[in-house]
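# For reference, the sequence and a predicted model appear below.
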Amino acid sequence: MRRGALNDGDASASDGVVERSSGTASGTRNRAGSIDWLCLPCYDSDAIFARLLDADAGHWSIRPAGPFTTEWRYLPGTLVIETTFSTDSGTVRLTDAMAFAADQRGHDAPHEVLRGVEGVAGEVELVMDSRRARSTA
């Protein structure tokens, strides 16, 4: 498990970037719970989120509103990322995965980003921000 202390000013920190993949598409997510790069449905598609390249190029973040620390890991045998945010008032867990139908692979397969938040202890105010990248076409 990886650990790090963050505050709300670090929400776009690019260190600790992890990659998720569905086999034909991938995305990156930073340690503060923001998807900063995502191309769907395949690697050569236009980016939906591209903050990895430009601070204003789109992202999807879910994080505590105030100062927090994080611990994150891949769930065993998967590319599912589990991040635990701890604050002075409580703890929440964010789970991120990319999914596709079991019998569908390749460029024509539908792909989804799945994100779930689970309250673990206490109360934590969350901030969600989603901004799509500008078209590159």
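Cool, the structure landed.
# Buried ones in stretch 34-47, by neighbour count?
Residues of stretch 34-47 classed as buried by neighbour count (16 or more other CB atoms under 10 Å): 34-42, 47. Any C-beta I mention is one placed from the backbone N, CA and C, and that applies to glycine too.
# Those: which two are farthest apart?
34 and 42 (22.2 Å; CB to CB).
# the strands in the chain, which residues?
Counting by DSSP state E, the chain has strands at residues 2-6, 18-21, 26-29, 34-39, 47-49, 59-64, 68-74, 81-86, 90-99, 112-122, 126-131.
# want to throw those into a markdown table with mean pLDDT?
Listed next are the strands of the chain as a markdown table, based on pLDDT from 0 to 100:
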| stretch | mean pLDDT |
| --- | --- |
| strand 2-6 | 47 |
| strand 18-21 | 51 |
| strand 26-29 | 72 |
| strand 34-39 | 80 |
| strand 47-49 | 76 |
| strand 59-64 | 90 |
| strand 68-74 | 91 |
| strand 81-86 | 93 |
| strand 90-99 | 90 |
| strand 112-122 | 92 |
| strand 126-131 | 89 |
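# Residue 97 contacts residue 82, doesn't it?
No. Using CB atoms under 8 Å, residue 97 is not in contact with residue 82; the gap is 9.6 Å.
# check contacts around residue 117.
Residues near residue 117 by CB atoms under 8 Å, 6 or more residues apart in numbering: 62, 92-95, 126.
# These into JSON lines, with extra columns for distance to residue 112?
Formatted as JSON lines, these follow (distance: CB to CB, whole Å):
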{"residue": "62", "distance to residue 112": "16"}
{"residue": "92", "distance to residue 112": "22"}
{"residue": "93", "distance to residue 112": "20"}
{"residue": "94", "distance to residue 112": "16"}
{"residue": "95", "distance to residue 112": "14"}
{"residue": "126", "distance to residue 112": "21"}
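# Drop anything exposed from these.
Buried residues within the contacts of residue 117, defined by neighbour count using 16+ other CB under 10 Å: 62, 92, 94.
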